[in-house]
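1. Generate coordinates for the sequence data below:
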Amino acid sequence: MDDRVWMREALRAARRALALGEIPVGAVVVRGGEKLAWGWNLRETRRDPLAHAEMLALRRAARKVGDWRLEGADLYVTVEPCPMCAGALLQARIRRLIYGTPNPRAGSAGSRVNLVDYPGMDHQILVRSGVLETRCRDLVQRFFRDRRSLQDGDMERWQSPVECTRLEIEQGG
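-> Sure thing, here's the model as predicted:
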């Protein structure tokens, strides 16, 4: 199946994060043409530093297959993974990482550092970047632009899923 199809699924997950006031990152784990799991950022909602989209998708996929090894599986994510998530992908033995937009501040699949294909590691991950890049980048940029435009008193409102969804609809999301 075309990588764009699965990246659209990751974008759907990212929009779920956006609706909760989270940074809109979504991830999908696929093996053999079947979606094993998906996840979206829930760090603020759960107050959990580990609740990144990739981590949640990997946990759900591992639970579904009954094994922490996700050999032969691909992970689609809207934004290039951070070091923590890149390490988790290596540990899970992900075959391919497909991401939409680079993360110049913390990207660990080539933008800032390259942990997923680091020499001497016992596992390397094939990487494809730039799949639906404009759509992925625009979603994240819009989130930060909108967040910066809110007044201090509006920040509490931003955390409300209902209000966040209303803002997304008003802005054509």
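
2. just the strands in the protein please.
-> Using DSSP state E, the strands found in the chain span residues 26-31, 34-40, 74-79, 96-101, 126-129.

3. most packed of those strands?
-> strand 74-79 (a mean of 29; mean count of other Cβ atoms under 10 Å). No exception for glycine: its C-beta is placed from N, CA and C like everyone else's.

4. Mind giving me the packing neighbours of that one?
-> In terms of contacts (3 or more Cβ pairs under 8 Å, 6 or more residues apart in numbering; DSSP states H and E), strand 74-79 is packed against helix 3-19, strand 26-31, helix 53-65, strand 96-101, helix 133-149.

5. and the third one, what does it pack onto?
-> In this case it means helix 53-65. helix 3-19, strand 26-31, strand 34-40, strand 74-79, helix 83-91.

6. Can you list the strands that the third one pairs with?
-> Next to strand 34-40 in the sheet, as set by DSSP bridges, lie strand 26-31 (antiparallel).

7. Run through who's touching the strand it pairs with.
-> By Cβ atoms under 8 Å, 6 or more residues apart in numbering, the residues outside strand 26-31 that reach it are 1, 6, 9-17, 35-41, 53-54, 56-58, 60-61, 65, 70, 72-78, 94.

8. go again using 6 Å as the cut-off
-> 6, 9-10, 13-14, 35-40, 53-54, 57, 61, 72-78 (Cβ atoms under 6 Å, 6 or more residues apart in numbering).

9. Which of the helices and strands packed on helix 53-65 sits closest to residue 120?
-> For the helices and strands packed on helix 53-65, proximity to residue 120 was assessed by Cβ to Cβ; helix 83-91 is nearest, at 12.1 Å.

10. helices or strands next to the closest one in the packing?
-> In terms of contacts (3 or more Cβ pairs under 6 Å, 6 or more residues apart in numbering; DSSP states H and E), helix 83-91 is packed against helix 53-65.

11. Quick one: distance of stretch 71-90 to the chain centre.
-> 8 Å (Cα atoms, centre = their mean, to the nearest Å).

12. cool, stretch 13-31 as well?
-> For stretch 13-31, the distance to the chain centre is 6 Å (Cα atoms, centre = their mean).
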